[in-house]
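J.: Show me the folded form of this:
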Amino acid sequence: MFLAVATTSFGVEAVLKRELQSLGYEIVRSDNGRVYFHVNTQGVIEANMHLRTAERVFIVLGSQKILTYDNLFDWVKQLSIAPLVSKEGQFVINAKSVKSVLYSLRDIQSIVKKSMVENLKASFKTDTLSETKARYDFLLNLQQNQAELWLDTSGQGLHKRGYRTQQGEAPIKETLAAALVLLSFYDESRILYDPFCGSGTIVIEAAMIALNIAPGLQRSFAFETHQWANLEEFKTVKKQAYQNIRHDLESKIYASDRDPKMVAMAEENAISAGVDSMISFEVAQFNHKVFDQPYGIIITNPPYGERLEEKETIHLLYEDIGKMMLTKQDYSYYVITSTPQIEKIVKRQADRTRVLYNGNIKSRYYQFYGPKPRQ
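T.: Presented below is the predicted three-dimensional model:
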């Protein structure tokens, strides 16, 4: 049994926690941008395969208050690392330090590497480590002098699903797009629109959720070459994920954008994700788009207008959204934006607002609830 930690964007921790609980894991605690949980080897594989809002999954090797480099060296040297790695493995050390006495990342990395080498030489009863085979990425995380050593089991960030062959200038991450959908409590019984679809990430993630397509099916993971991982368990997890895909849903997702190139890009990405039959794409301006289905859900990431010359255009765009809210009162609206005071522009108070980070941009996710569909 491992203590593991899944990392995510700030503000998404509660969604990630619900995902982990739905997979049956025991939650230990959650913190800013991370959720800790207990899991076995197959569970680490399942977490990588199924979590939609996690950025990476790590195994936690230990935790200790550290105030000096000698403390750090001695602590790492006694950790149980050998059962997780191979004797010939390559060991890459990364480091983070926040509000801690030890702050030089280069020095932290050097000390941890030296100590780990001594640790493993003693464990493997050898004078040398060749470091010629499987790669193991470790992260020494220092937060207010509390050190944790993590082993990365994911490799590339889990937002890299493998389907987005093309993207625009400011794409939303797949993990954040999935969080927006999950926070809307969208399900396949509702109509979903994204009238600013860009490269299609939000609607593709929604379709994958509706079809129960595991987000990790099209990619590889770091654990596939790791000593601790059972590849037969990986095959079993992958096979079960394929068997769990739903194939009986009709298209109820609509996406549009004013840019034909972006719509074509979104269509290609949807094909790559295997969800193109679920989504209808269209080239259309927002204020010319026909929203003809009742009780729709709009989840969207409109242009932010970060540059001064764009702000007036963006203001007019949000005025159009406000007008739609008046005419389509049976709709629910979910809008992520860094544009301030949009509630004043649309002339409606959000039922709930969450602070989220779209990349490095501090944004707010405005949730305007509409009525539930009549039965």
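
J.: Could you double-check that residue 134 lies in contact with residue 224?
T.: No - in this structure, residue 134 is not within contact of residue 224 by CB atoms under 8 Å, at 9.1 Å. Just so you know, the C-beta spots here come from the backbone N, C-alpha and C atoms, and that holds for glycine as well.

J.: Tell me which stretches of the stretch 101-250 of the chain form helices.
T.: Assigned by DSSP state H, counting those that start in this stretch, the helices in the stretch 101-250 of the chain fall at 105-124, 174-183, 201-211, 231-243.

J.: who wins for proximity to residue 36 among these?
T.: helix 174-183 (18.2 Å; CB to CB).

J.: Now distance to residue 355 and mean pLDDT too, for the helices of the stretch 101-250 of the chain, in CSV please.
T.: As requested, those are exported to CSV (distance: least, CB to CB, whole Å; pLDDT from 0 to 100):
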stretch, distance to residue 355, mean pLDDT
helix 105-124, 28, 98
helix 174-183, 12, 98
helix 201-211, 19, 97
helix 231-243, 33, 97
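
J.: okay, now the domains of the protein?
T.: Split into domains by automatic domain parsing, the chain comes to 2-152, 174-214+246-368.

J.: Now the terminal residues of the last one, how far apart.
T.: If I follow you right, that is domain 174-214+246-368. Start to finish, the residues bounding domain 174-214+246-368 are 22 Å apart (CA to CA, to the nearest Å).

J.: Where does pLDDT dip in the stretch 151-300 of the chain?
T.: Filtered on pLDDT under 70, the stretch 151-300 of the chain yields the residue ranges 168-170.

J.: rerun that using 80 as the cut-off
T.: Applying pLDDT under 80 to the stretch 151-300 of the chain picks out residues 166-171, 251.

J.: Chain neighbours aside, what residue packs nearest to residue 277?
T.: residue 251 (6.4 Å; CB to CB, 6 or more residues apart in numbering).

J.: what number of residues lie near the one you found?
T.: Using other CB atoms under 10 Å, the number of residues around residue 251 comes to 13.

J.: Over to residue 165?
T.: Neighbour count for residue 165, taken as other CB under 10 Å: 12.

J.: from memory it sits against residue 266, does it?
T.: No - with contact defined as CB under 8 Å, residue 165 does not count as touching residue 266 (11.0 Å).

J.: returning to what we had before: among the helices of the stretch 101-250 of the chain, which comes closest to residue 67?
T.: Of all the helices of the stretch 101-250 of the chain, helix 105-124 sits nearest to residue 67, with 12.8 Å by CB to CB.

J.: Now do the closest one: which elements does it pack against?
T.: Counting contacts by 3 or more CB pairs under 8 Å, 6 or more residues apart in numbering; DSSP states H and E, helix 105-124 is packed against helix 69-77, strand 90-98, strand 135-143.

J.: And stretch 183-196, how far out from the chain middle?
T.: Centroid separation between stretch 183-196 and its chain, computed with CA atoms, centre = their mean, to the nearest Å, is 19 Å.

J.: which other residues reach it?
T.: Under the criterion CB atoms under 8 Å, 6 or more residues apart in numbering, residues 15, 200, 202-203, 206, 209-210, 249, 252-257, 284, 286, 289, 291, 293-303, 332, 334, 354, 365, 367, 373 lie in contact with stretch 183-196.

J.: Ok, stretch 130-137 next?
T.: 84-92, 94, 151-152, 155, 222, 225-227.

J.: Return the mean pLDDT over it, rounded to an integer.
T.: What stretch 130-137 shows for mean pLDDT is 95.

J.: again with stretch 66-74
T.: Average pLDDT, stretch 66-74: 98.

J.: thinking again about what came up before, closest to residue 235 out of the domains of the chain?
T.: In terms of CB to CB, the element of those nearest to residue 235 is domain 2-152, at 9.8 Å.

J.: Next, the distance between the ends of the closest one.
T.: Note: domain 2-152 ends 13 Å apart using CA to CA.

J.: quick one: the closest residue to residue 227 other than its chain neighbours and residue 132, what's the gap?
T.: In space, residue 227 comes closest to residue 86 once its chain neighbours are excluded; the distance is 4.6 Å by CB to CB, 6+ apart. The gap separating residue 86 from residue 132 is 10 Å, by CB to CB, to the nearest Å.

J.: ok, those two, which is more surrounded?
T.: residue 86 (16 against 8).

J.: That one reaches residue 229, doesn't it?
T.: No - taking contacts as CB under 8 Å, residue 86 lies outside contact range of residue 229: 11.1 Å.

J.: shared neighbours of those two, which are they?
T.: Contact with both residue 86 and residue 229 is made by no residue, according to CB under 8 Å, 6+ apart.

J.: Tell me the secondary structure of residue 256, please.
T.: Using DSSP: H, G, I helix; E, B strand; the rest coil, the secondary structure recorded for residue 256 is strand.

J.: correct me, but it touches residue 289?
T.: Yes - using CB under 8 Å, residue 256 makes contact with residue 289 at a distance of 5.4 Å.
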